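> what follows is a protein structure lacking sequence information:
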Ligand SMILES: *[C@@H]1O[C@H](CO)[C@@H](O)[C@H](O)[C@H]1NC(C)=O
């Protein structure tokens, strides 16, 4: 997370109807999503699975993370598509091959 330049992503355990879900990475770039739920989401990722640099937040003052008004499960996609593209994402956790974080309950993550 500390090395995030713009927006970084990593796998999350115990979410999306699977033991884990993760960004699929090829040649160091995110090319898709492994998830048990709505893989068609533009960013099929849980809140616990990404970090955004403060610089990106400050330079996108109109970007909002909607607590209401997004379809269920679309909050992450609705937010991320305002500030980045899938191509730009920076895979962490060894090209997203390591599950270092798990969702314990909704809204609460646990990092190892
Ligand atoms: C991730 O993949 C890229 C391209 O295959 C490779 O150059 C890089 O060393 C990998 N990074 C890690 C941390 O394994």
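Structure's in. What do you need? Fair warning: this is a prediction, and the values are worked out from it, not measured in the lab.

> list, one by one, the residues from this structure near the ligand.
Selection of the chain residues close to the ligand by C-beta under 6 Å from any ligand atom yields 27-28, 94-95. Every residue, glycine included, has its C-beta placed from N, CA and C.

> how far does stretch 28-47 sit from its chain's centre?
8 Å (C-alpha atoms, centre = their mean, to the nearest Å).

> in it, which residues are buried?
Buried residues in stretch 28-47, defined by neighbour count with 16 or more other C-beta atoms under 10 Å: 30, 33, 35, 41, 43-46.

> restricted to strands, list those residues.
Of those, the ones assigned to strands by DSSP state E are 30, 33.

> just the buried residues of the residues of the chain next to the ligand.
For those, buried by 16+ other C-beta under 10 Å: residue 95.

> which pair in the residues of the chain next to the ligand has the greatest spatial separation?
The span of the residues of the chain next to the ligand, defined through C-beta to C-beta, is set by 27 and 94 at 14.3 Å.

> the lengthiest helix in the chain packs against which elements?
When the chain is parsed with DSSP state H, its longest helix is helix 75-83. Contacts defined by 3 or more C-beta pairs under 8 Å, 6 or more residues apart in numbering; DSSP states H and E place helix 75-83 against strand 50-52.

> give the partner strands of the strand it packs on in its sheet and their orientations.
strand 7-9 (antiparallel) (DSSP bridges).

> now the next helix or strand after the partner strand: mean pLDDT?
Sequence order places strand 12-13 as the next helix or strand after strand 7-9, per DSSP states H and E. When pLDDT is averaged over strand 12-13, the result is 93.

> tell me the helices and strands packed up against strand 12-13.
strand 20-26, strand 101-105.
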